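**Student:** structure of the sequence below:
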Amino acid sequence: MNVRRSATALAALAALCTAAAPAAFADASPSPKPSGSAALPKGLYGAKDPKFDGVWRQSLALLAQDAVGVTPARSAIDWLAGQQCEDGGFAAYRADASAACDPKKGEFTDATAAAVQALAAVGGRSAAVEKGVGWLKESQNDDGGWGMNPGSPSDANSTSAAVGAFAAAGQDPKQVKSAKGGRTPYDVLLGLQLGCDAKEGQRGAFAYTADKGKPVANDLATTAAALATEGKGWVFEPAGKDAGKAPEPLGCGSGSKDGKDDKSDKSGSAKPAKVTEAARAAAAYLADTMAGHGSHLLSAMPGAEDQPDFGGTADAIVALAAGEHSATAAKPLQWLQNEKNGALAWAKGDPGALAKLVLAAHAAGADPRSFGGVDLVQQLNATGPKPESVSASGSQADSDDGKGKDGEKKDDDKGGVGGVWWTVGVFAVAGIGIGFLLSGRKKQQL
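**Tutor:** Numbering: from 1, shown residues only. The predicted structure follows:
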C-alpha cells in the first residue's frame with residue numbers, strides 16, 4: 001500500500017494497520033532477519049525482521065485474535081507492553097527495551113495508537129493504555145491532528161490512528177482538543193477532504209496531508225479517514241453482513257458550493273453533522289473506486305504499475321462496515337476470498353496481513369475461520385506463541401480459564417481510561433500491505 005503526499009508523489013510510507021491503518025511501505029513485508037543475528041524475541045508474532053513493523057504487526061495480531069474470541073498468549077501481550085517508552089509512546093521496534101527512546105524521532109503516532117488499541121482490547125493493561133493516551137495528547141498538534149512523529153505536520157493517517165486509540169480508551173475523539181487553539185482531530189480531517197470543487201470521481205476522498213496547491217485524493221488516506229469519521233478504530237461490533245444502505249456521495253447541490261461550507265462552528269470545532277456527512281461521502285468514494293477497479297483498490301505507490309492493494313482493500317472493507325455499509329463491502333470481501341486474486345497467498349505466514357483479513361471479515365460479518373476455504377484465525381495463531389485459549393468455534397481447545405495476567409478476568413479490565421468503548425480497532429493501518437503504514441514511512445527516513 002502506498003500513498004502520495006502531493007501530486008508530485010510522496011515517498012512511500014507505510015500500518016499500524018490499519019486497513020488499517022495508510023501510509024505506505026516500500027515492500028509488503030519486512031526483510032528476512034539477517035543470517036547469524038539474535039533470535040527473535042519471545043512472544044513476537046512473525047519470523048521476519050521486526051525493525052520497521054514489530055509493534056505494528058504485534059498490535060494488529062492481538063486485536064484480530066481478541067476480536068474473534070482468541071485469548072492471546074501472555075508472552076505476546078507482555079512483549080508489546082514492554083515496548084512502551086518511558087514517556088508512554090512507542091517506537092516501531094526496540095531491540096533493547098531498556099535503552100531510552102528518542103521522543104522526537106524514535107517514537108511514532110501510528111505505533112503508539114495501534115498499541116493502545118491492542119492493549120485496551122486484551123485487558124489488564126490500563127496503566128500502559130493511560131500512558132499511551134497521555135503521550136498522544138501531549139503530541140497533538142495545534143491544528144488538532146497528528147503527524148508521523150511529534151511535531152511533524154498533521155496527516156490523515158496518523159490523525160485517524162489516534163482517533164481509534166481514543167475510542168479504544170473510552171474517550172470521545174470529538175472532545176480531544178489541542179492545548180493551543182482547542183482544535184479537534186476532525187478539524188484536520190475535514191480540512192483534508194476533497195469537496196465539490198474537485199473532479200467528479202474524487203469528491204469525498206481525503207488527501208494525505210495539506211500541501212501547497214489543491215489537495216490530492218489518496219485512497220489509503222481515505223480508508224483511514226472514513227473509519228475515523230465514524231469515531232471508531234479497527235475493531236467494533238459488526239452490524240451484520242447484510243447491514244445498511246449504499247453510502248451517499250457528497251452533496252453538491254445549491255447551498256453547498258464547494259462541499260465544505262460551514263464545517264466548523266464559531267469555536268472552530270467541527271460540527272457533528274458535517275463529520276457524519278464526511279464519513280458517508282468517504283465511504284461512497286471508496287465503494288465507487290473499488291467497483292471501478294473490479295472490487296478492490298489499487299496500489300498508490302508513485303511510479304508503480306497498477307496492482308491490487310490487498311491491505312488497502314481490507315481497510316476499505318473495515319471502513320465501510322464501520323458505517324454500516326456491510327452489504328456494499330460484500331463484493332470487495334468476496335474478491336479477497338477468491339484464491340485466484342492472490343490475497344490469501346499474500347497474507348500467508350504474515351501476522352500483520354493475516355490480521356488485516358481477519359479484521360475485515362469480522363467487521364463485515366463474515367467468518368474468518370472459513371475465508372475462501374482458509375482458516376485465517378488458525379493461520380494467524382500459528383505465527384506467534386500458542387494462545388491462552390480459543391473460543392469454541394476455533395480450532396483449538398481452551399487451555400485456561402480465560403483469565404488474564406495476574407489472574408484478573410479479561411473482561412474486568414478492557415484496558416481503557418474509564419473502560420473501553422468497544423468500537424475500536426487498525427490500521428490502519430495501517431494500511432500496510434498490510435498497509436504497514438509505519439513500516440514504510442520509517443524506511444523512508446533511513
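**Student:** count the residues that sit near T159.
**Tutor:** By other C-beta atoms under 10 Å, 30 other residues sit near T159. Using the backbone N, CA and C atoms, a C-beta is placed for each residue, glycine as well.
**Student:** ugh, wrong one, K241
**Tutor:** Close neighbours of K241, defined as other C-beta under 10 Å, add up to 16.
**Student:** check which helix or strand A243 maps to.
**Tutor:** If you go by DSSP states H and E, A243 is not part of any helix or strand.
**Student:** can you tell me which residues contact the closest residue to W346 other than its chain neighbours?
**Tutor:** The shortest distance from W346 to any non-neighbouring residue, by C-beta to C-beta, 6 or more residues apart in numbering, is to F310 (5.0 Å). Applying C-beta atoms under 8 Å, 6 or more residues apart in numbering to F310 gives the contacts H296, L336, G342, A343, W346, A347, A353, K356, L357, G433.
**Student:** ok, now V68?
**Tutor:** V358, H362, P368, R369, V377, S391, G394.
**Student:** if we can go back for a sec, what's the closest of the contacts of F310 to T222?
**Tutor:** Nearest to T222 among the contacts of F310 is H296, at 14.2 Å by C-beta to C-beta.
**Student:** what about the closest one, how many residues nearby?
**Tutor:** Residues near H296, counting by other C-beta under 10 Å, number 22.
**Student:** ok, what's across the strand from the closest residue to G342 other than its chain neighbours?
**Tutor:** Nearest non-adjacent residue to G342, counting by C-beta to C-beta, 6+ apart: P308, 6.8 Å away. Beta-bridge partners for P308, by DSSP bridges, are L298.
**Student:** got the contact list for P308?
**Tutor:** By C-beta under 8 Å, 6+ apart, the contact list for P308 reads H296, L297, L298, S299, N341, G342, A343.
**Student:** nearest to A228, of those?
**Tutor:** The closest of the contacts of P308, once distances to A228 are taken by C-beta to C-beta, is L297, at 17.6 Å.
**Student:** and the contacts of P308, which is closest to N157?
**Tutor:** Closest approach between the contacts of P308 and N157, by C-beta to C-beta: L297, at 14.6 Å.
**Student:** rounded mean pLDDT for the helix ranked longest in the chain, please.
**Tutor:** Across the chain, the longest stretch assigned as helix under DSSP state H is helix 272-292. The average pLDDT within helix 272-292 is 94.
**Student:** try stretch 91-111
**Tutor:** The model assigns stretch 91-111 a mean pLDDT of 94.
**Student:** which stretches of the stretch 251-400 of the chain form helices?
**Tutor:** 272-292, 310-322, 326-337, 343-347, 351-363, 376-381 (DSSP state H, counting those that start in this stretch).
**Student:** can you tell me which of those is most buried?
**Tutor:** Stretch with highest mean neighbour count among the helices of the stretch 251-400 of the chain: helix 310-322 (a mean of 35; mean count of other C-beta atoms under 10 Å).
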